[in-house]
Structures are given as C-alpha cells and as structure tokens.
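# structure here, sequence nowhere to be found:
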C-alpha cells in the first residue's frame, strides 16, 4: 500500500517542477476543470471568516504537508517533496500557502494541489 501511495503522490508532485521561476508559463495541463478545485478557491477558503471553510483549508494543506514530507524523505523522490527541519504547524503551512497564493495570482486558476505543493516546496525545500 505504501508503494502505491508513494507512486501516486510522485505523479502528483512531478507538477511542482513546473512552478520554478525560469520554467515556461504553459500550465494548460494544470488548469482546474472545476473552479472549486482551483488555487484561488482554496485561498478564499483559507482566508474565509467561516470556520468550516478554514477547517477544510487546514485539513487539505495538512494532508499535503504530510504527503510531501514523506516524499521528501525518499532519496528518489526528494526533489518533489519538502524537508522541514521539524514538525510543521497547521498555521505555518496555511500561512506559507496564503503568502504564495497572494504573490502568484496568475496561477489562481490552476489546480489547488499544484499551488500548495509549490508553496510548501518554496518554504521547506529539500535542496
């Protein structure tokens, strides 16, 4: 089961390599088909005054933190994960995403997992 999970996450996290500043701006494969799955929508949930929206945001980002941390521990997938020096708080991970989303508004229509991965990789890179 672990190998299946890791393989699936690796496919999802290959996407972050496209987030580099020197990468071409063709994100057509990452456009959210459903606006509710976009970076912009997740950012709105994370910034909402509604407790349910914020809890959804926190749960989504916490799951990404755990997955990317696991990927960062594996030698073959390290470049696609994150390598925080210790435990990552929910508040710190949401703050990293919100900051990234605010500074990258052009990517707002892309799928949310790519934005969260880029934000976390920027904050806690493995290199």
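Received the coordinates, thanks. Source: prediction; values computed, not measured.
# residue ranges of the helices in the protein, please?
Here the chain has its helices, by DSSP state H, at 2-13, 39-46, 51-73, 90-103, 112-123.
# what about the residue nearest to residue 119 when sequence neighbours are not counted, how many residues nearby?
The shortest distance from residue 119 to any non-neighbouring residue, by C-beta to C-beta, 6 or more residues apart in numbering, is to residue 100 (3.4 Å). (C-beta placed from N, C-alpha, C; glycine too.) Residue 100: 22 surrounding residues under other C-beta atoms under 10 Å.
# what stretches of this structure score poorly on pLDDT?
Low-confidence segments of the chain (pLDDT under 70): 1-24.
# recalculate using a threshold of 50.
Along the chain, segments meeting pLDDT under 50 span 1-22.
# so who does the residue nearest to residue 119 touch?
Applying C-beta atoms under 8 Å, 6 or more residues apart in numbering to residue 100 gives the contacts 115, 118, 119, 122, 123.
# can you count the residues close to residue 107?
Look at residue 107: counted by other C-beta under 10 Å, it has 21 neighbours.
# for stretch 105-115, buried residues please.
107, 108, 110, 111, 112, 113, 114, 115 (16 or more other C-beta atoms under 10 Å).
# just stretch 49-59 next, same as before
For stretch 49-59, by 16+ other C-beta under 10 Å, it's 54, 57, 58.
# put together CSV for the buried residues of stretch 105-115, with distance to residue 33 on each row.
Below are the buried residues of stretch 105-115 laid out as CSV (distance: C-beta to C-beta, whole Å):
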residue, distance to residue 33
107, 16
108, 15
110, 11
111, 8
112, 12
113, 13
114, 13
115, 15
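# and which of those residues is nearest residue 47?
residue 108 (12.7 Å; C-beta to C-beta).
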